[in-house]
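**Student:** Okay, here's the prediction I keep looking at, along with the sequence it came from:
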Amino acid sequence: MPNYSQELNPEQLAVVEHGDGPCLVLAGAGSGKTRTITYRVAYLLEQGVKPEEILLVTFTNKAAREMIFRVQQLVGSQLYLPWAGTFHHIAYKMLKKYAPLLGYESNFSILDSEDSRNVIKLCLKEKGLDKKIKKFPSARVVQGIISFTRNCGKPLEDVIEDQYPQWLQHIDMLGSIAKDYSQRKKEANAMDFDDMLVRLFELLSQNPRVRELFAQQFRYVLVDEYQDTNAIQSAIVGLFSSVHKNILVVGDDAQSIYSFRAADIEHILAFEKHYPSARVFRLEVNYRSTPDILSLANDVIAKNTNQYKKELRSIIDPHVKPTLRVCAEQAEEAEFIVDEILALEEEGVSFDKMAVLFRAAFHSQALEMELVKRDIPYEYRGGVRFFERAHIKDVLAYVRIFVNKTDTIAWSRVLHMQVGIGPATALRIISSIQSAGEIPLADIELGLSARPAMGWQEVLQIWEAMEKSDKTATGLIGAVADSRYEEYLMSQFPDYRDRMQDIEQLALFAGKAKDVSQFLAEATMQEQFRAAEQQSETKYEPKLVLSTIHQAKGLEWHAVFVMHMAQGQFPNERALKQTKGLEEERRLFYVAVTRAKKNLFLSYPIVAGYKMLMGGPSMFLQEIDQDLFEEQRGNNDMDYSHLSDADDGVVYESLDNGWSSPKKRPTSFLMDV
DNA sequence: GTTTACGCATCCCCG
DNA sequence: ATGCGTAAAC
């Protein structure tokens, strides 16, 4: 059993030993938040609370795994916390059981965001909106509008007025598309990510008996990262704790950075209003960063007004002031970063103890070129997730139709893989299957001509192989892979060997799942699983981390570089147009600097690429106390006078392959049309 | 009528 | 890299 008073500081201890009732824990960056939660759980268990009486909601799967692991270490046994996980995991578990109450079959499919976008494309096409008759938002934008609306709990009109005023004239059409989209999903017995939350809320609010059952069971509700919850999540949490009122939320309003997916800082700020009897605790002792870094961080966040005032205190000895490096251009910024990294490595800081952070993914392009040139191993956090790779999704689509024959989205994917079957034939086959109901696939009359018929036969062969398998997730994947899929990959892609290896990894992952639906759900809900290729590396090699700031949240490194701190880039121009956008950008900067333990380097280029004038230093650099960092300038002083007449000739050109824009923009790119 | 091949725009703010 | 619109091929 842990020795609480010895292993926790007084602030943390107070939270852990808090009795009953609502409770808000404002946990600053690096203040031992995870530690506090895990000790709290251990404490509750020690008080005789049963594992199934604790609901522990986290933001990511990784956080859930880590907390479960650490609680296990504390209580020293193979403890099972059945209700610890992300909102989506918990929702899935409940929805699976109560699907019929909501009009779903319990074998419902889960659509990932690409699937859902494809359905929206169909809806748009149906309305004749695919042609550019009149300007209409793209499928991606429509998806964003619908998703945001559902998560923030406001009417569509409000969301469009606030966030998408340029589409106000299409408001009725958008509403109609949202309806069509919803209906298509329902017909396919499928839920998208938002449905997982919306349907759970429906289940609890419309079925008092179900709500009572869970609310009675959950004597203690704990929510991590509460500053990033959206309206529907916050409502769900409220329902779960409606009987015992033992709701403990942990978060840091200063790190609320997910408003683009409807997270709202107001939930944490208004917690006391919502739960008037709430006790508030603050964790302000920071175990991560030097005082030099924290002084800068505190000064950054002090510029925000909509927040709980906090002051992080360091317990570490001073080290060095943060550095601000003003660079002539992107290449020099990259060189500077690489030079510093090599110098630190020389001092014994290995590459994996350092990270370069940036506001937007493409900011790292110039740096990556330099890293390749200088032969520095790095890993880019981001890119296509394992379960979103095309070939993985192909195989999953076969498994999905096997589990849920009405999954038209998966069917469409399966059919389009066949040569000879295009959109028209696919549609015909899908509607035949839908109306056929329980009739075996092979018996369905389709009346196809020769070429499509051949493709269909191949699908049937794979289906039969799945029928003959042991029907476990691993067996089904094997059946698909052993059938014609390898040939298909071979015919389509030169790198088919790598792709087949991924599918082996998939089969391996499938071995861990309870049953096939569980496997499919896990696969779709694993937001950050990319382990396959990393684990199969022959030798472990420490790598420098490149990451967006969003992805860096919750992590820490010995040395952190925040690059591209130029006006227009960070704060991001588009983000500034949002209401309360500036404060969120500032929080993002705060998140970035609080990742650093010992060394913090800030940098920005004056020009980037060819003839592109950056906007000078970020306002975040200008507004803070200039004594809090050491400013350095590059050696090669350049003459920028030729750029000052940046009239309508200024062109935004990115450096390489990616996608350079050939069109001239009417004004500086900073205006961002 | 359907499918496929090919050129060109677009994806990039953030998960 | 991917996704689309268009035009040739089945």
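**Tutor:** Yes, it's here.

**Student:** Would you map the strands across the stretch 51-200 of chain A?
**Tutor:** A:54-58, A:84-86, A:109-111, A:190-192 (DSSP state E, counting those that start in this stretch).

**Student:** Listing request: residues of chain A with sub-threshold pLDDT.
**Tutor:** A:130-134, A:484, A:492, A:494, A:527-539, A:608-614, A:635-673 (pLDDT under 70).

**Student:** which one's the longest helix in it?
**Tutor:** helix A:450-468 (DSSP state H).

**Student:** how far out from the middle of the chain is the helix or strand in which residue A:477 is found?
**Tutor:** Residue A:477 is part of helix A:473-480, with elements assigned from DSSP states H and E. In terms of Cα atoms, centre = their mean, to the nearest Å, the centre of helix A:473-480 is found 29 Å from the chain centre.

**Student:** buried stuff in the next helix or strand after it?
**Tutor:** Once the chain leaves helix A:473-480, the next helix or strand it forms, by DSSP H and E, is helix A:486-492. Within helix A:486-492, the residues scored as buried using 16 or more other Cβ atoms under 10 Å are A:486, A:488-489. Quick note: C-beta positions are derived from backbone N, CA and C, even for glycine.

**Student:** which one among those gets closest to residue A:218?
**Tutor:** Relative to residue A:218, the closest of the buried residues of helix A:486-492 is residue A:489; by Cβ to Cβ it sits at 46.4 Å.

**Student:** Skipping its backbone neighbours, what lies nearest the closest one in space?
**Tutor:** Closest residue to residue A:489 apart from its sequence neighbours, by Cβ to Cβ, 6 or more residues apart in numbering: residue A:496 at 4.0 Å.

**Student:** Please name the residues that touch residue A:85.
**Tutor:** Contacts of residue A:85 were listed using Cβ atoms under 8 Å, 6 or more residues apart in numbering, and they are A:56-58, A:61, A:64, A:93.

**Student:** Now the buried members of those residues.
**Tutor:** Using 16+ other Cβ under 10 Å as the burial test, the contacts of residue A:85 include A:56-58, A:61, A:64 as buried.

**Student:** tell me the SS of residue A:561?
**Tutor:** strand (DSSP: H, G, I helix; E, B strand; the rest coil).

**Student:** Surely it is in contact with residue A:339?
**Tutor:** No - judged on Cβ atoms under 8 Å, residue A:561 makes no contact with residue A:339 at a distance of 11.3 Å.

**Student:** For chain A, which residues are neighbours of DNA strand B?
**Tutor:** A:113, A:138, A:140, A:144, A:147, A:193, A:258, A:260-261, A:359-362, A:382, A:419-426, A:451-452, A:527-528, A:548, A:550-551, A:572, A:574-575, A:578, A:658-659 (Cβ under 7 Å from any atom of the strand).

**Student:** all strands for the stretch 401-550 of chain A, in order.
**Tutor:** A:544-548.

**Student:** Residue A:607 belongs to a strand?
**Tutor:** Yes - counting by three-state DSSP, residue A:607 is located in a strand.

**Student:** how many other residues sit next to it?
**Tutor:** For residue A:607, the number of neighbouring residues by other Cβ atoms under 10 Å comes to 18.

**Student:** Just list whatever residues bridge to it.
**Tutor:** With DSSP bridges applied, residue A:607 shows beta-bridge pairing to residue A:329, residue A:613.

**Student:** State the distance from it to residue A:82.
**Tutor:** 56 Å (Cβ to Cβ, to the nearest Å).
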